[in-house]
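**Student:** Predicted model follows, preceded by the sequence.
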Amino acid sequence: MRDASDEFRRDSLKRESAREEDPCVRAGPLRLYPRRHHALMDGRPLDLTPLEFQLLHALAVHPGWVHSAEELLLEVWGDRCFDARVVSVHISNLRRKLEPDPLRPRYVVTVRGVGYRLEIEAAESGELERHENPPGKLRSPRQQEVLNAGAVIGEAFDIHRLARLLGESARALLGLIDELLAQGALVLGEKVGEYRFSSPRVHEEVYQAVPRARRVGLHRAMAQLLLAEKSYRDGELECLNTLAGHFLEALPLAEPEWILLHAGGLASAYHDRYEYDRATALLERALDAAGPAGALGRVELELALALYEQKGDAHRAACAWDQAVTAYRRALQIEVRLGEFQTLGAPVRTARLHRKIGCCHEAGRQFARALEALAEAETVLGPAPSAAAGVRGRRSAAWWEEWIEIRLARMWTAYYEGALDQLSELVAETTAQIQTHGSPRQLARFYNQLLTELCLRDRYRISPQALTYAHSLYEALQGAEAPEDEIAFARFVLGFCYLWADRPSDAELWMSSSLSVALERRDLALQARILTYLGVVYRFRRDSVTAAWYAHRTMTAAVGSGLKEYVSAAHAQLAWVALAQGNPGGAQAKAREALDGWAAQPTVYPFQWLALWPLIELARREGEFQLAAAYLEQLLAPPQQLPPPELQARAERAREAANASDRAALEEGLRRACDLARELGYL
C-alpha cells in the first residue's frame, strides 16, 4: 500500500508542478495553457495557429475589456507588422474556430469604432436557476411566445420590431412585457422601447428552448422583415450581419427558390463592404441548403449558377485563386444541367466563366492553364454574330463585350510571360474591334495594354508616350465612371510610370492615393504592388528606415495574395536596408534569398536590380570582381529594366572589361558604376 500511495503522491506532485509551470488562463468555459500552446473550449481542443492563440490569449487575460486593433497588433505582432487590418483577418479566422456561428459571434465581439472584446460568462451554472419563475416554466402561452420571439430577435430587442414579427400592435404587448419584467426574465434596455434579457445565458437558454420548427419560422419571418426594410444595403455592417444571421437560421425549412433568390443580394452586400470571407461563407451555406443540382428546376438552376459565379468572384477578390476556380467550375457543371433549358445568352455566359478561370490561373502564375482556359472561352463563344444571321441589339453587344474581355485577358498573360511579340500581335489584331465595339471602360483599359507593350519594348525606360498612355488610362476610366478598384489601379500605374521617369514625388502621390483604396477594399494583390514601389521611392531617397517599413508591409500583402515575386522583392529591399545599415552578412543573405525566389517563378521579374546592386557592391568589396561581373551581366540582360543611360554606360564598360579579362579596368569600371548607382539611389 505504501508503494502505491507514494506513487500516487509522486504523480500528484508532477501534475501540480506541471500546472505551476504552465498556468492556466480561465475565462468561463475557455482554458488556455500558454506554454503548451493548448486551448480548450468546454473541454473541446481548439486547433489554433500560433498567432490565433496569442490573439485569443491577449483577449482572455482581461475578458470584457475592449482592445483596439492597434493594441492587439502591438501585443501579438510587435514590430513585425504595421497594418492593423491584419488583426481583423485573424479575428475572422479565430471566430471560425471558436464560435458556434462565425457570422453571429457570441464570444469575440466587435465594439464598433473601438476594437474587440471577449464576452464569455464565468458562471458555471445556468442563470435561469436564479429566478423563482424561470422563463422555461411560464404559465402563460402568450408570455412564452413573446419571450420566444424576443429571443429570436436577439439578446436585446425593440418592442416595435417584436410587434411586427408577431403581427400585433406594440400597445397590446406592453402588458405581457411588464409581466416578464416583474418575473426577472427581462430588464429595461438603454433606449426607450428597448428590452434585454437579464443575462446572455438566460437569452441562450430561452432561445434553445424554442421548438425548432417555431424557431426557424420566426427567423424566416425576421429575415423577411429586414429584407423589406432594405437598410442592410447601405447601413452598418451590424445590420447586414443581423439579417444574414436570421437568413442562415431559416435555411433548414426554406424552399430552394427562396434561399437562392435572397442569398445573392446578401452576398453582394458583403462583397460591396469588402467582407469577402463572409460573402463566400454565406453563399456556401445557402447553396448546400438549396440541395443538389439534380433536384433543382430551371429557375433554381439559373439562380444557383449565378451564386456559384458570385462565390468565385468573392474568392477572386480575396486572392483565393484556387477556390475561385472551383466555384466557377461548379457553375459550369450547372450550365451543363441547364442544357435542356438553354437560353440564347448561354454561350456568352459559359465563355465568361472560362475566361474568369483563365484570369485566376494567370493571377496564380499558371500561364499554360490560363491560356488553355482562355482558348476554351473563345471556342465556346463561337464566331462573331453577323447581320446575315439576324443578330441585333443586346445579344450582339454582349458577344463583342465578352470577346474583347477574353482578348484583354490574353494580353495580360502575354505581358506577365514577357512575350512581347505575342502581346504586339494581340494588340494589332484587337485595335479595330475595340474601337468599333468596345465599351468606354474597355477602350480605357486598352490604353493599359498599349502601355504594357511599350514597357516591354523599352525595358521599363519610361518615355513621354508611356506617360501619355498612363494618363489616358486614368482619365478614360474616370470618364467611363469605372468602378473604384479600376480607377485605383490606374492611379498605381501612373505612380509606377512616374517612378521610372525620375519623378519620385509624383510617384508617391499617385501610389499613396491608390493604396488607401486598396487597403479599404482589402485588395492584397494591389497592396503588394504599391507597397513594393513606394519602398523603392524611399530607397531612392536613401531612407532605409522607411524602406524597411514598406518592405515588411509588402511581405504581408504578397504572402496573402500569393504573389511570390513581390515576396522576393521585399527580401531584395531588406538586403539594401541591411547594406545601408552596415550589415553586409544580412544583405548577402537577403539578396540571395530574393534571387532564389525569383528563379523559382515561371515568369521573369524585371526589377531584379533591387537585389543585384547590393550583391555587386559586396562582391566588389571582397575583390571578387568576376562574381560582380556575373551579377552585372544578369542585371543588363533582357528583359531586366534598363538602368538610367549614364549608369547603363558605366555598367556596360565594366562588362566589356570583364569580357576582355582586363582586371584593372574591371575593378575601376565596377567602382565607377557602383559610385553612380549609390548616387542615384540604386545602391
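**Tutor:** Received the coordinates, thanks.
**Student:** wait, what's in contact with F197?
**Tutor:** For F197, the contacting residues are 150-151, 155-156, 185-187, 203, 206, by Cβ atoms under 8 Å, 6 or more residues apart in numbering. Where C-beta positions appear, they are placed from N, C-alpha and C, glycine not excepted.
**Student:** Of those residues, which belong to strands?
**Tutor:** 156, 186-187 (DSSP state E).
**Student:** Would you show me how to pick out the buried ones of those residues in ChimeraX?
**Tutor:** Selection of buried members from these for ChimeraX, criterion 16 or more other Cβ atoms under 10 Å:
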select :156,186
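**Student:** which one of the ones in strands among the contacts of F197 sits closest to G418?
**Tutor:** Closest to G418 out of these is A156 (59.3 Å), distances taken as Cβ to Cβ.
**Student:** so that closest one sits right up against G189, yeah?
**Tutor:** Yes. Counting by Cβ atoms under 8 Å, A156 touches G189, with 5.4 Å between them.
**Student:** Spell out which residues are contacts of both of those two.
**Tutor:** Common contact partners of A156 and G189 (Cβ under 8 Å, 6+ apart): 195-196.
**Student:** and the spatially most central residue of the chain, what does it touch?
**Tutor:** Nearest residue to the geometric centre of the chain (Cα atoms, centre = their mean): A318, 3.3 Å. Contacts of A318 were listed using Cβ under 8 Å, 6+ apart, and they are 276-277, 280, 522, 524.
**Student:** where does it land on pLDDT?
**Tutor:** pLDDT, A318: 90.
**Student:** got it, and C239?
**Tutor:** As predicted, C239 sits at a pLDDT of 89.
**Student:** Contacts for the helix or strand that contains it, please.
**Tutor:** Assigned by DSSP states H and E, C239 falls within helix 237-249. Identification of contacts with helix 237-249 by Cβ under 8 Å, 6+ apart yields 101, 103-104, 112, 152, 154, 215-216, 219-220, 222-223, 226-227, 231-232, 262-263, 266, 269-270, 273, 275, 278, 282, 285-286.
**Student:** Buried by neighbour count, from the residues you listed: which ones?
**Tutor:** Buried members of these, counted by 16+ other Cβ under 10 Å: 103-104, 152, 154, 215-216, 219-220, 222-223, 226-227, 232, 262-263, 266, 269-270, 273, 275, 278, 282, 285-286.
**Student:** Next up, the contacts around R445.
**Tutor:** Contacts of R445 by Cβ under 8 Å, 6+ apart are 408, 473, 477, 486.
**Student:** dump the residue contacts of the first one.
**Tutor:** Looking back up the chat, that one is L408. When contacts are counted by Cβ under 8 Å, 6+ apart, L408 touches 442, 445-446, 449.
**Student:** Also the second one?
**Tutor:** Residues near L473 by Cβ under 8 Å, 6+ apart: 444-445, 447-448, 451, 490, 493-494.
**Student:** Would you quantify the distance from it to A482?
**Tutor:** From L473 across to A482, the span is 10 Å (Cβ to Cβ, to the nearest Å).
**Student:** Mutual contacts of those two, please.
**Tutor:** A444.
**Student:** Please report the distance of the closest residue to N148 other than its chain neighbours from E593.
**Tutor:** Computed as Cβ to Cβ, 6 or more residues apart in numbering, the closest residue to N148 that is not its neighbour in sequence is V210, at 4.5 Å. V210 sits 58 Å away from E593 when distances are taken as Cβ to Cβ.
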